[in-house]
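Peer 1: Dropping a prediction and its sequence here:
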Amino acid sequence: MKIDVEYHELITNKDIDRRFPAAVAATAEGRGLYQCVACGKCSAGCPISDALEVLPHQIIRKAILGLKTQVLSCPTIWVCATCFRCNDRCPEQVNPASIMFVLKNMATDEGIVPEGIQTLVRSLYANGWASTIINYEREELNLPEVPEANDTIRTILDRAGLKKKSLLEEDKG
Ligand code: SF4
Ligand code: SF4
């Protein structure tokens with residue numbers, strides 16, 4: 001069976017994971033998933049839509065269709081600016097912005113995390129700052145290095161299971 005979805009992309013049964021939409025909808029943030037009526041208001045109001053190859057309403061549609069791999073590997077879920085405008089505009093309380101968090105967590109569990117995000121996480125763990133260039137810039141201005149993170153932040157990140165999720169490994173092979 002082939003389905004011609006709204007932007008003329010052909011998908012087949014092998015692309016579909018039927019458990020995926022149910023897993024998203026089973027979360028507190030994702031419980032409105034199936035209520036989407038594909039009105040597009042979320043995408044129409046998204047301030048970064050020009051930068052997105054796949055728009056918020058398309059992410060929601062793909063999730064409903066069970067296109068797990070496409071959704072979890074889509075840059076949109078990481079590029080989302082978390083402004084919550086789509087939540088406010090949605091007439092059906094689908095809460096796309098909140099669903100982005102669910103999808104990011106799922107992608108992390110699957111080990112699908114963009115290298116740039118991994119670099120930020122490693123910096124946060126090592127230095128307490130989600131930036132890799134801050135000391136470089138401070139050195140140029142003859143300012144002392146920023147202090148290292150205390151153990152509290154590492155404890156929080158450890159409890160979040162980042163090591164288990166391989167987010168702190170330099171080379172994942
Ligand atoms: S929360 Fe993300 S997807 Fe929603 S409008 Fe803002 S940037 Fe766009
Ligand atoms: S605004 Fe809500 S109902 Fe409309 S397409 Fe976006 S998520 Fe679906």
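Peer 2: Structure's in. What do you need? Ligands and ions are numbered 1, 2, ... in the order given.
Peer 1: So stretch 82-97, near ligand 2 or not?
Peer 2: Yes - if you take CB under 6 Å from any ligand atom as the test, stretch 82-97 does meet ligand 2, through 89, 90, 92, 94, 96. All C-beta spots, glycine's among them, are computed from the backbone N, C-alpha and C.
Peer 1: In JSON lines, list those along with pLDDT.
Peer 2: As requested, these are exported to JSON lines (pLDDT from 0 to 100):
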{"residue": "89", "pLDDT": "98"}
{"residue": "90", "pLDDT": "98"}
{"residue": "92", "pLDDT": "98"}
{"residue": "94", "pLDDT": "98"}
{"residue": "96", "pLDDT": "98"}
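Peer 1: neighbour-wise, which of those leads?
Peer 2: Per-residue neighbour counts (other CB atoms under 10 Å) across the residues of stretch 82-97 next to ligand 2 peak at residue 96, which has 28 neighbours.
Peer 1: ok, that one - contacts?
Peer 2: Each residue near residue 96 by CB atoms under 8 Å, 6 or more residues apart in numbering is listed here: 42, 56, 57, 59, 60, 86, 87, 90.
Peer 1: So which residues on this structure come close to ligand 2?
Peer 2: Within the chain, the residues that sit near ligand 2 (CB under 6 Å from any ligand atom) are 36-42, 57, 60, 89-90, 92, 94, 96.
Peer 1: State the pair within those residues that is farthest apart.
Peer 2: Across the residues of the chain next to ligand 2, the longest distance by CB to CB is 13.8 Å; it joins 38 and 89.
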